[in-house]
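Q: just a sequence and a predicted model for now, questions to come.
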Number of protein chains: 2
Amino acid sequence: MAEDLRDKLGAQHLPLRDQVLGALRTAIIDGDYLPGERLTEDRLAEDFGVSRNPVREALRVAEAEGFVVILPRRGAVVASPSSGTITDMFAVRERLETLAARLAAERATAADVASLRALLDQGREATHRQDLARVAELNSTLHLRILQISGNPWLSSIAKSLYLHVQWIFRLGAAERAPHSWAEHIQLVDAIESGDGDRAERAALDHLDAASAAAYENAEGGYGAH
Amino acid sequence: MAEDLRDKLGAQHLPLRDQVLGALRTAIIDGDYLPGERLTEDRLAEDFGVSRNPVREALRVAEAEGFVVILPRRGAVVASPSSGTITDMFAVRERLETLAARLAAERATAADVASLRALLDQGREATHRQDLARVAELNSTLHLRILQISGNPWLSSIAKSLYLHVQWIFRLGAAERAPHSWAEHIQLVDAIESGDGDRAERAALDHLDAASAAAYENAEGGYGAH
DNA sequence: TCCGGACAAAGTGTATACGAAGAACAATTC
DNA sequence: GAATTGTTCTTCGTATACACTTTGTCCGGA
C-alpha cells in the first residue's frame, strides 16, 4: 500500500498534512490499518512518502476525530470501535441527524431538492447495476448533502465526522447495507421537499433506526471490541 | 503574557503540544488573542517558550475545534464567532445537552448526584461571596460533570467542545451571567436525581433557553461578526 | 495622483538531524 | 523464579535549512 498512496499524494498540492490526514482516514476506514494496529511515525511517513512532520500533524487531528488513540511517549494506534461505541454514536446521531433533516426541510431551496433527487436517481440506477461501491458512495453524498443544506456548520461538521465513523464500522464488518435503505432515503427527501420539519425528523429517525439495527447486526459478526 | 504562560508550561509534563493547545484555547477564550488576530507560528512559539513544532500541532487541533482558522500558506488567525454561529451552536447544544441530561438522569449513581449537589453548594456559597470567577468555574464544572455522568464519550467530548465556545462568546462580551442561572441548575440536578429522563431533558432545555437568550443579549454588545 | 510591476521581507511548508527520555523486552544475576 | 540491568525502539522536542507564497513597499511612468 505504500506505493499507490505515495503516487496519489504527489499529484495535488494541498498541504501535505491534509493529504496525509485524508489518506490516513481512508486507510483506516477501508481497513488497511486495522483497529489496534500500531502506527509509528516512521512507518506512516514511509507509507505516505513524506517526512515525519506532516504525519505528526495529521495524527493529532486524527486523534481529535477519534480515529486513532495516542498514548504519550508510546505512540499512536488505530482506535478500536466497541459495541458501546456504536450505541453511543447512534444516540448522538439520532439527535443530530434529525435536527439536520428538520433544518433541511425548513430551508431547502428547489435547487437543493433537485440535487437530492438527482442523487436518488443515480442511487436507484447504481442499485440496479449492482454497483455496490457506487451505491455506498452516493449514500454518503446524499447524507452529507442534507447536512450541508441544513446550513448549520457546527451540525454539519460534527455529524460528518460521526458519519465517517459509521462508515468505518460498516466497512469493518464488511457489510454494505445497500439495497434496503433507498426506500427510506426517498421518504426522507420527500419529507424535506414538503418543508414539514416534523415529518422530516420522523423520516430521519426511521432511517437511523434501521441503520442502527443494521450496524448491530453487522457488529455481531465481530471485528472485536477488545 | 509570554512569561506567565511559559512558567506554567514548564511545570507539568504532559506533551508540550497539549500544554500549548490548552494555553492557546485559554488565551483565546480569555480574549488574550482576539478574533481576527493573526497567530504566526513564531509568535506563538515565543509566547509559549517552545519551538515551532508543538505549536503547529496544537494549531491543527485548535483548527479542528474551531478556535482558529488556518489558511494554507497564509497562516492561522483567531476565529470570529458571528451571531449566526451563536444560533447554530445553541441549536446543536439543545439537542445534545438535553440528551446528556436524560442519560445522566437514567444513569446517575447516588455518588454522582452527591457530587453535583456539592458543586451546587459551592456555587451558592461563591455567589454569596460575589466571587464571580469562581461561580463561572463551578458552572463549567457542573456542566462538564453532567456530561461525564451521561457516560457517552462522543456526546461528552462534542458537547464539551461546544461548551468551550459558549464560554468564549460570553467572555468576549464580558458578561458573566452568574447569579440567575443557579436556580435552573438546581432544577436540573433535582431532575437528574429523580431519574426521570423527560423531566431532566425539560430542565436542561429551560436552562439552555435562558443561556441562549443571555448569549444574544450579550452579543448585542457587539464583539463584531465581521 | 494613481497605477502597475519589480523587488524585498515575512511566514508557511517540508525535510532533516540530533539529543533526551520513556517503554518494552530481553538478558543477566542473585 | 524474581528482581535488576541493559539494550533497543520510539516518541518528543529542538534546531536548522530552504523552497515557495503571499504580502508589502517602493519606484517609475502615465
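A: Done, it's in.

Q: what's the spacing between the residue located most distally from the centre of chain A and B:Thr109?
A: Largest separation from the mean C-alpha position in chain A: A:Arg73, at 29.7 Å (Cα atoms, centre = their mean). Relative to B:Thr109, A:Arg73 is positioned 34 Å away (Cβ to Cβ, to the nearest Å). Just so you know, the C-beta spots here come from the backbone N, C-alpha and C atoms, and that holds for glycine as well.

Q: helix/strand/coil for the residue farthest from the centre of chain A?
A: Secondary structure assignment for A:Arg73 (DSSP: H, G, I helix; E, B strand; the rest coil): coil.

Q: quick check: it vs DNA strand D, distance?
A: Separation of A:Arg73 from DNA strand D (Cβ to the nearest atom of the strand, to the nearest Å) stands at 5 Å.

Q: list the contacts for the spatially most central residue of chain A?
A: Nearest residue to the geometric centre of chain A (Cα atoms, centre = their mean): A:Leu164, 2.0 Å. Residues near A:Leu164 by Cβ atoms under 8 Å, 6 or more residues apart in numbering or on different chains: A:Arg25, A:Ile29, A:Glu65.

Q: which stretch of helix or strand covers it?
A: Taking DSSP states H and E as the definition, one finds A:Leu164 inside helix A:153-172.

Q: what pLDDT does A:Tyr223 get?
A: Note on A:Tyr223: pLDDT of 53.

Q: tell me which residues touch A:Gly31, please.
A: By Cβ under 8 Å, 6+ apart, the contact set of A:Gly31 is A:Arg171, A:Leu172.

Q: same thing with the one 10 residues further on?
A: The contact partners of A:Glu41, taken as Cβ under 8 Å, 6+ apart, are A:Arg52, A:Val55, A:Arg56, A:Leu59, A:Gly75, A:Ala76.

Q: out of those, which sit inside strands?
A: A:Gly75, A:Ala76 (DSSP state E).

Q: could you point out the helix or strand that follows the helix or strand bottoming out on mean pLDDT in chain A?
A: None of the helices or strands of chain A scores lower by mean pLDDT, DSSP states H and E than helix A:2-11, at a mean of 33. Going down the chain from helix A:2-11, the next helix or strand is helix A:16-29, by DSSP H and E.

Q: ok, that following helix near DNA strand C or not?
A: Yes. Remark: helix A:16-29 sits within contact range of DNA strand C at A:Leu16, A:Arg17, by Cβ under 7 Å from any atom of the strand.

Q: I'd like to know which elements that helix is packed against.
A: Packing contacts for helix A:16-29, counted by 3 or more Cβ pairs under 8 Å, 6 or more residues apart in numbering or on different chains; DSSP states H and E, involve helix A:2-11, helix A:41-48, helix A:52-64, helix A:153-172.

Q: out of these, deepest packed?
A: Ranked by mean neighbour count, the helices and strands packed on helix A:16-29 are led by helix A:52-64 with a mean of 22 (mean count of other Cβ atoms under 10 Å in any protein chain shown).

Q: which helices and strands sit right next to that helix?
A: helix A:16-29, helix A:41-48, strand A:68-71, strand A:75-78, helix B:52-65.

Q: spit out the contact partners of the residue found closest to A:Asp196 once you drop the neighbours it is linked to in the chain.
A: Sequence neighbours aside, A:Ala105 is the residue nearest to A:Asp196 in space, at 6.1 Å (criterion: Cβ to Cβ, 6 or more residues apart in numbering or on different chains). A:Ala105 makes contacts with A:Ala191, A:Ile192, A:Glu193, A:Ser194, A:Gly195, A:Asp196, A:Gly197, A:Arg199, A:Ala200, as judged by Cβ under 8 Å, 6+ apart.

Q: buried sites along the helix or strand encompassing A:Ala105?
A: Assigned by DSSP H and E, A:Ala105 falls within helix A:83-107. If you call a residue buried by 16 or more other Cβ atoms under 10 Å in any protein chain shown, then helix A:83-107 has these buried ones: A:85-86, A:88-105.

Q: and stretch A:185-202, by the same measure?
A: Neighbour-count burial for stretch A:185-202 flags A:185-193, A:196-197, A:199-202 (criterion: 16+ other Cβ under 10 Å).

Q: and it, end to end?
A: 12 Å (Cα to Cα, to the nearest Å).

Q: which of the buried residues of stretch A:185-202 fall in helices?
A: In this view, those that belong to helices under DSSP state H are A:185-193, A:197, A:199-202.

Q: among these, which one sits closest to chain B?
A: A:Glu201 (10.8 Å; Cβ to the nearest Cβ).

Q: now the closest one: how far from A:Tyr216?
A: Taken as Cβ to Cβ, the span from A:Glu201 to A:Tyr216 is 22 Å.

Q: mind giving me the packing neighbours of the following helix or strand past the helix holding A:Ala105?
A: Downstream of helix A:83-107, the next assigned helix or strand under DSSP H and E is helix A:110-128. Helices and strands touching helix A:110-128, by 3+ Cβ pairs under 8 Å, 6+ apart, are helix A:132-150, helix A:181-194.

Q: to A:Ala45, which of those helices lies closest?
A: helix A:132-150 (29.0 Å; Cβ to Cβ).

Q: just checking, A:Ala126 touches A:Arg134?
A: Yes. Under the criterion of Cβ atoms under 8 Å, A:Ala126 makes contact with A:Arg134 at 4.2 Å.

Q: okay, these two: which has more neighbours?
A: A:Ala126 (20 against 16; other Cβ atoms under 10 Å in any protein chain shown).

Q: OK, contacts around A:Ser194?
A: Applying Cβ under 8 Å, 6+ apart, we find A:Ser194 in contact with A:Ala105, A:Ala200.

Q: now swap in A:Glu37 and tell me
A: When contacts are taken as Cβ under 8 Å, 6+ apart, A:Glu37 is in contact with A:Val77, A:Val78.

Q: ok, it to A:Ser83 distance?
A: 20 Å.

Q: before we move on, what about A:Asp196?
A: 35 Å.

Q: count of residues packed around the closest residue to A:Val69 other than its chain neighbours?
A: Spatial nearest neighbour of A:Val69, chain neighbours left out: A:Ala79 (5.2 Å); criterion: Cβ to Cβ, 6+ apart. Counted with other Cβ under 10 Å, the neighbours of A:Ala79 add up to 19.

Q: neighbours around A:Ala183, how many?
A: Using other Cβ under 10 Å: A:Ala183 sits among 12 other residues.

Q: what residues does chain A put near chain B?
A: A:14-15, A:17, A:53, A:56-57, A:60-61, A:64-66, A:72, A:85, A:88-89, A:91-92, A:95-96, A:98-99, A:103, A:152-155, A:158, A:162 (Cβ under 8 Å from any Cβ of the partner chain).

Q: quick one: low-confidence parts of chain A?
A: Across chain A, the ranges flagged by pLDDT under 70 are A:1-13, A:174-180, A:219-226.
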